[in-house]
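Visitor: Structure for this input, please:
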Amino acid sequence: QVQFVESGGGLVQPGGSLRLSCAASGFIIDYYAIGWFRQAPGQEREGVSCISRRAASTIYADSVSGRFTISRDNFKNTVYLQMNNLNPEDTAVYYCAARSPGCTSDYLQYGYWGQGTQVTVSS
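Guide: Numbering: from 1, shown residues only. The predicted model follows:
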C-alpha cells in the first residue's frame with residue numbers, strides 16, 4: 001500500500017517535547033516535498049511545516065516557528081518533526097503527505113496521506 005505511516009504521538013504536558021516520524025511505504029520520498037499537517041476536532045486541516053526534496057528549504061507556520069523542526073532522512077525514507085515547548089493549542093492529529101515538486105500551503109495538493117498520530121498537550 002502506498003502511504004505514509006505516522007508515529008510518535010502521545011500525551012505530553014505543556015512545555016514538553018515529542019518527535020514525530022513519518023515513514024513512507026510503497027514509494028520513495030526522494031522525489032517529493034513532504035509536509036506535516038494537523039487537524040484539531042471541528043477545525044480545518046492546517047499546514048504545520050514542509051521540507052523540500054533535498055532539505056534545501058523548510059517552511060513553518062507562524063504558530064510553530066521556533067518550536068518545531070522538520071527534517072528528513074531519504075536513506076531511511078522517513079521524515080521527522082521535532083516539537084518542543086508544546087502547548088495545548090498544539091493538540092491535534094498530525095499527518096504527513098507528499099507533493100511534487102515542491103511545498104505549498106494547500107493540503108489538497110498533497111497525496112499519500114497516512115492515518116495520522118494523535119498529539120495531546122495537557123496537564
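
Visitor: Just after the lowest-mean-pLDDT helix or strand in the chain, pick out the following helix or strand.
Guide: The helix or strand of the chain with the poorest confidence is strand 3-7; it has a mean of 94 (mean pLDDT, DSSP states H and E). Sequence-wise, the next helix or strand downstream of strand 3-7 (DSSP states H and E) is strand 10-12.

Visitor: Report the buried residues of that next one.
Guide: Going by neighbour count (16 or more other Cβ atoms under 10 Å), the buried part of strand 10-12 is Val12. For the C-beta atoms, the positions are set from N, CA and C on the backbone; glycine is no exception.

Visitor: Output the contacting helices and strands for that strand.
Guide: In terms of contacts (3 or more Cβ pairs under 8 Å, 6 or more residues apart in numbering; DSSP states H and E), strand 10-12 is packed against strand 117-121.

Visitor: Check which residues of the least confident helix or strand of the chain are buried.
Guide: 3-6.

Visitor: do the same with stretch 8-24
Guide: Here stretch 8-24 shows 8-9, 12, 18, 20-24 as buried, counting by 16+ other Cβ under 10 Å.
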